[in-house]
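Asker: coords please:
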Amino acid sequence: MERFPDLEIYAKETTFKAIDDWLTERFQHVERKDTVTKKSEARSYWIVDGSEVIAFGNAIGKFTSIWFKQNSSPWNTDFECAQDACKALNTEVRCSNSGWEDGQGPEAQWWRITEAEGEMLIDWPQ
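Answerer: Below you'll find the predicted structure:
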């Protein structure tokens, strides 16, 4: 299985505290570096097992982007990360249906993962 160099998922209506708790459960060394709570610029930074993780609040509507800049995580793909986040954060999580390379445009299909409805491909964002 291909291992993505970075991971990015989108969690619906989650908090930086919930993300911090999830990261702390999954990684050995989690250090929260900075948080900006101003709504239009809400973001939080962590160093997680030596790699940077950034969350951007309300990146797309009610969805917070969670970006692992270097993939030193236990997950190979965005999809695997999103599956775990859905359970741990108890919310809907979305991610691209494939990796990408510089110069590629955005994917037309995204994974939508919920506890109640499972996993399905959707068109997003629109």
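
Asker: can you tell me how far the residue lying closest to residue 7 once chain neighbours are set aside is from residue 51?
Answerer: Nearest residue to residue 7, sequence neighbours excluded (CB to CB, 6 or more residues apart in numbering): residue 68, at 4.2 Å. Where you see a C-beta, it was placed from the backbone N, CA and C, and this is true even at glycine. If you measure residue 68 against residue 51 using CB to CB, to the nearest Å, the figure is 7 Å.

Asker: same check, this time on residue 30
Answerer: Residue 30 is 11 Å from residue 51, by CB to CB.

Asker: related to what we said a few turns ago, the residue nearest to residue 7 against residue 80, yeah?
Answerer: No. At 11.6 Å, residue 68 does not count as touching residue 80 under the criterion of CB atoms under 8 Å.

Asker: comparing these two, which residue is more hemmed in?
Answerer: residue 68 (23 against 18; other CB atoms under 10 Å).

Asker: now do the contacts for the more buried one.
Answerer: 6, 7, 8, 48, 51, 52, 53, 81 (CB atoms under 8 Å, 6 or more residues apart in numbering).

Asker: residue 60: what's it in contact with?
Answerer: 10, 125.

Asker: oh, and call the first residue 152 from now on, that's how I've got it
Answerer: That works, and once the first residue is 152, the last one we named lands at residue 211.

Asker: measure it to residue 275 for me?
Answerer: In terms of CB to CB, residue 211 sits 8 Å off from residue 275.

Asker: just residue 195 next, same as before
Answerer: 23 Å.
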